[in-house]
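Peer 1: Next input, structure requested:
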Amino acid sequence: MWLYNLNPFNMDETLVMILFISGGSLLLLAFILFVFVTFFIEKTETRIVSSQTVAK
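Peer 2: Numbers count the residues shown, from 1 in each chain. Presented below is the predicted three-dimensional model:
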């Protein structure tokens, strides 16, 4: 967004717009994957076995 608004490197407007849209799309995809992993992956129960129990 900084590159889109200020254009400090005097780049072509079309290129800056493509980068702006692709960056936003990538951010949206990352958020969708985060939601999928958070809500649709089941937790597995893990048990911690102490070394004293194993040594017996």
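Peer 1: separation between the closest residue to Phe20 other than its chain neighbours and Val35?
Peer 2: Setting aside the residues directly before and after it, Phe20 is nearest to Tyr4 in space (C-beta to C-beta, 6 or more residues apart in numbering), at 4.3 Å. Just so you know, the C-beta spots here come from the backbone N, C-alpha and C atoms, and that holds for glycine as well. Using C-beta to C-beta, to the nearest Å, Tyr4 is found at 26 Å from Val35.
Peer 1: higher neighbour count, the two?
Peer 2: Tyr4 (15 against 10; other C-beta atoms under 10 Å).
Peer 1: ok, that one touching Leu15?
Peer 2: No - using C-beta atoms under 8 Å, Tyr4 is not in contact with Leu15; the gap is 10.5 Å.
Peer 1: buried set for the helix or strand where Leu26 lies?
Peer 2: According to DSSP states H and E, Leu26 maps onto helix 13-40. By 16 or more other C-beta atoms under 10 Å, the buried positions in helix 13-40 come out as Val16.
Peer 1: What separation do you get for Leu19 and Val35?
Peer 2: In terms of C-beta to C-beta, Leu19 sits 25 Å off from Val35.
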